[in-house]
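**Q** everything below, folded, please.
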Amino acid sequence: MNVLLIGSGGREHALAWKLAQSPLLGELLIAPGNPGTALLGRNVPVNANDQDLLLEVARNAHIDFVVVGPEAPLVAGLADRFAAAGIAVFGPTAAAAQIEGSKIFAKQVMQAAGVPTAAAHTFSSPADAIAFARLSKRPWVVKADGLAAGKGVIVPTNVTTTVAAIEEIMATSAGQRVLLEELLVGEEVSVLALCDGKHLLPLPPARDHKRLRDGDQGPNTGGMGAFAPAEIDEETFELIVRDLMQPVVDAMAARGTPFRGALYAGVMLTAQGPRILEFNARFGDPETQVILPLINGDLLAALAACAAGDLGNTELPWASSAAACIVLAAAGYPAAPRSGDVIQGLESVTDLGDVLVFHAGTTWESPSIVTAGGRVLCVTGLGATRRTALDHAYEAVELINFAGMQFRRDIGR
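**A** Numbering: from 1, shown residues only. Here you go, the predicted model:
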């Protein structure tokens with residue numbers, strides 16, 4: 001089976017690493033890929049949003065199956081284009097991807113399905129949103145309706161910062177409409193599952209760390225690290241899949257837009273029980289970098305079964321070990337990441353056991369690999385326990401260096 005994997009980040013490097021282990025795999029192409037994916041397949045210099053050129057690449061390379069990594073191409077209808085061309089694809093249609101593309105749409109689906117979620121109010125006018133916040137005399141979580149690369153949510157602590165958040169988010173293209181959402185208190189967990197339109201195949205739960213600095217301080221980012229499995233009892237995990245995720249899958253099917261792909265639920269474990277914070281329509285990043293190393297079995301076969309609409313008896317057993325990922329970010333991230341800094345020490349990490357380094361924002365600048373994005377590298381440690389996995393990850397981090405490198409020292413602690 002010839003496979004085209006679309007994307008260039010750490011998530012795609014992790015997917016390429018896992019797909020390359022499949023006995024079903026023929027040739028693996030990655031568009032556009034990165035220096036890490038080039039070691040696992042053939043990079044094709046085509047932007048993930050160039051639908052026409054991607055379709056041409058797939059036809060010329062006799063691609064049998066496409067895996068779409070990022071959310072923006074999915075929301076823009078890339079999966080629809082491949083399906084219309086008769087090429088099997090893992091990833092939801094544009095209509096189904098609205099579960100991530102519009103937080104307002106997702107909230108409507110959850111409310112209609114009776115899924116526990118935070119109360120929310122929708123606004124398309126900054127003046128109306130600000131007036132509501134001031135009249136309420138309480139802080140509200142401010143969420144951009146559209147895609148914002150994981151940075152469209154601000155959690156204020158009072159009315160004044162709520163107003164500032166409204167002004168900030170509604171000045172962006174993603175925030176032309178916003179949700180003011182009830183603040184939920186508890187521990188967050190990411191629950192991902194493969195979905196064939198009807199059934200869910202859950203993957204190990206993970207927890208990511210969104211804030212830039214230690215102690216959950218600083219601005220929100222796309223994610224500064226993650227670990228899996230997250231601390232969650234089996235009963236609660238099953239409840240999340242059965243009562244919070246499955247009803248949404250059923251509701252999407254009833255709407256005539258069945259969801260086939262990776263359904264990612266951001267969940268808050270409150271004192272009143274688990275509540276959905278948001279849904280994403282793809283594999284998480286950096287969660288994928290800690291989930292896939294804990295999966296046994298053939299991921300490619302499972303993704304193909306999803307695309308065919310029949311997970312059937314597909315199984316992906318979980319390893320009994322743990323994984324922890326430390327994100328190394330560029331100088332200036334997240335506001336204005338700097339590119340072009342030479343990365344040193346990657347060759348030293350290859351000598352370590354129980355460590356995987358996934359490239360996220362890197363490129364070649366002969367004779368070196370240099371930074372080329374906000375999140376540069378994802379260093380994943382493996383071990384029998386989370387503590388061991390973290391020790392392995394941080395041991396590897398100490399061997400890597402580039403100017404202005406940022407990372408958190410409290411992931412998983």
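
**Q** model confidence score at the most centrally placed residue in the chain, please.
**A** Most central residue of the chain, judged by C-alpha distance to the mean C-alpha position with CA atoms, centre = their mean, is Gly284 at 1.9 Å. If you check Gly284, the pLDDT there is 96.

**Q** quick one, what contacts it?
**A** The neighbours of Gly284, taking CB atoms under 8 Å, 6 or more residues apart in numbering as the test, are 11, 190, 192, 206, 208, 223, 226, 264, 291. In this view, the C-beta of every residue, glycine as well, is placed from N, C-alpha and C.

**Q** swap in Val142?
**A** With the criterion set at CB under 8 Å, 6+ apart, Val142 makes contact with 153-154, 156, 162, 165-166, 169, 178-181.

**Q** not counting residues beside it along the chain, what's closest to it?
**A** Using CB to CB, 6 or more residues apart in numbering and skipping the chain neighbours, the partner closest in space to Val142 is Ala165 (4.0 Å).

**Q** picking up where we left off before, select from the contacts of Val142 the one having the most neighbours.
**A** Using other CB atoms under 10 Å as the neighbour test, these are led by Val178, with 30 neighbours.

**Q** mind listing what that residue touches?
**A** Taking CB under 8 Å, 6+ apart as the criterion, Val178 is in contact with 122-123, 129, 142-145, 166, 169-170.

**Q** of the contacts of Gly284, closest to Val349?
**A** Ala226 (18.6 Å; CB to CB).

**Q** narrow the contacts of Val142 to those in helices?
**A** Members of the contacts of Val142 lying in helices (criterion: DSSP state H): 162, 165-166, 169.

**Q** okay, the residues you listed in CSV with pLDDT and distance to Leu53 next?
**A** What follows is those, written out as CSV (pLDDT from 0 to 100; distance: CB to CB, whole Å):
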residue, pLDDT, distance to Leu53
Thr162, 96, 43
Ala165, 95, 38
Ile166, 96, 39
Ile169, 95, 33
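
**Q** re earlier: any chance of the contacts of Val142 in a markdown table, plus distance to Arg260?
**A** As requested, those are exported to a markdown table (distance: CB to CB, whole Å):
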| residue | distance to Arg260 |
| --- | --- |
| Val153 | 26 |
| Ile154 | 32 |
| Pro156 | 37 |
| Thr162 | 37 |
| Ala165 | 35 |
| Ile166 | 35 |
| Ile169 | 31 |
| Val178 | 29 |
| Leu179 | 26 |
| Leu180 | 32 |
| Glu181 | 28 |
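
**Q** inside strands: which ones of the contacts of Val178?
**A** Counting by DSSP state E, the members of the contacts of Val178 that fall within strands are 122-123, 142-144.

**Q** just among the contacts of Gly284, which is most surrounded?
**A** Once you tally neighbours by other CB under 10 Å, Ala226 ends up highest among those, having 28 neighbours.

**Q** that residue contacts Pro286, doesn't it?
**A** Yes: shown here, Ala226 and Pro286 form a contact pair, counting by CB atoms under 8 Å, at 4.7 Å.

**Q** what touches both of the two?
**A** With the criterion set as CB under 8 Å, 6+ apart, the overlap between the contacts of Ala226 and Pro286 is 208, 325.

**Q** residues near Ser238, how many?
**A** One thing to correct before we go on: residue 238 is Glu, not Ser. Residues contacting Glu238 under the criterion other CB under 10 Å number 11.

**Q** with adjacent residues omitted, what lies nearest to Gly297?
**A** Using CB to CB, 6+ apart, the nearest residue to Gly297 is Leu316, at 4.5 Å.

**Q** please report the distance of the one you found from Pro204.
**A** Look at Leu316 and Pro204: by CB to CB, to the nearest Å, they are 10 Å apart.

**Q** higher neighbour count, those two?
**A** Here Leu316 and Pro204 are compared on neighbour count by other CB under 10 Å; more neighbours surround Pro204, at 23 against 18.

**Q** can you pull the contacts of the more buried one?
**A** Shown here is Pro204, whose contacts under the criterion CB under 8 Å, 6+ apart are 228-229, 291, 294-295, 318.

**Q** and the residue nearest to Val142, what does it touch?
**A** Contact criterion CB under 8 Å, 6+ apart gives 142, 154, 156 as the residues in contact with Ala165.

**Q** can I get those residues in a markdown table including distance to Arg338 and pLDDT?
**A** As requested, those are exported to a markdown table (distance: CB to CB, whole Å; pLDDT from 0 to 100):
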| residue | distance to Arg338 | pLDDT |
| --- | --- | --- |
| Val142 | 28 | 96 |
| Ile154 | 24 | 90 |
| Pro156 | 29 | 92 |
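
**Q** going by distance to Ile369, which of these wins?
**A** Nearest to Ile369 among these, counting by CB to CB, is Ile154 at 33.8 Å.

**Q** ok, that closest one touching Ile169?
**A** Yes: counting by CB under 8 Å, Ile154 touches Ile169, with 6.4 Å between them.

**Q** where does the residue of the chain most remote from its centre fall, phi/psi-wise?
**A** Distance from the centre of the chain peaks at Leu135, with 35.5 Å (CA atoms, centre = their mean). Note on Leu135: its backbone torsions stand at phi -70, psi -30 [degrees, to the nearest 10].

**Q** overlap in contacts of Leu316 and Pro204?
**A** Ile295.

**Q** per-domain residue ranges of this protein.
**A** Here the domain parsing of the chain from automatic domain parsing is 3-93, 121-181, 185-307, 322-397.

**Q** out of these, which gets nearest to Gly412?
**A** Between Gly412 and the domains of the chain, the tightest spacing by CB to CB is seen for domain 185-307, at 4.2 Å.
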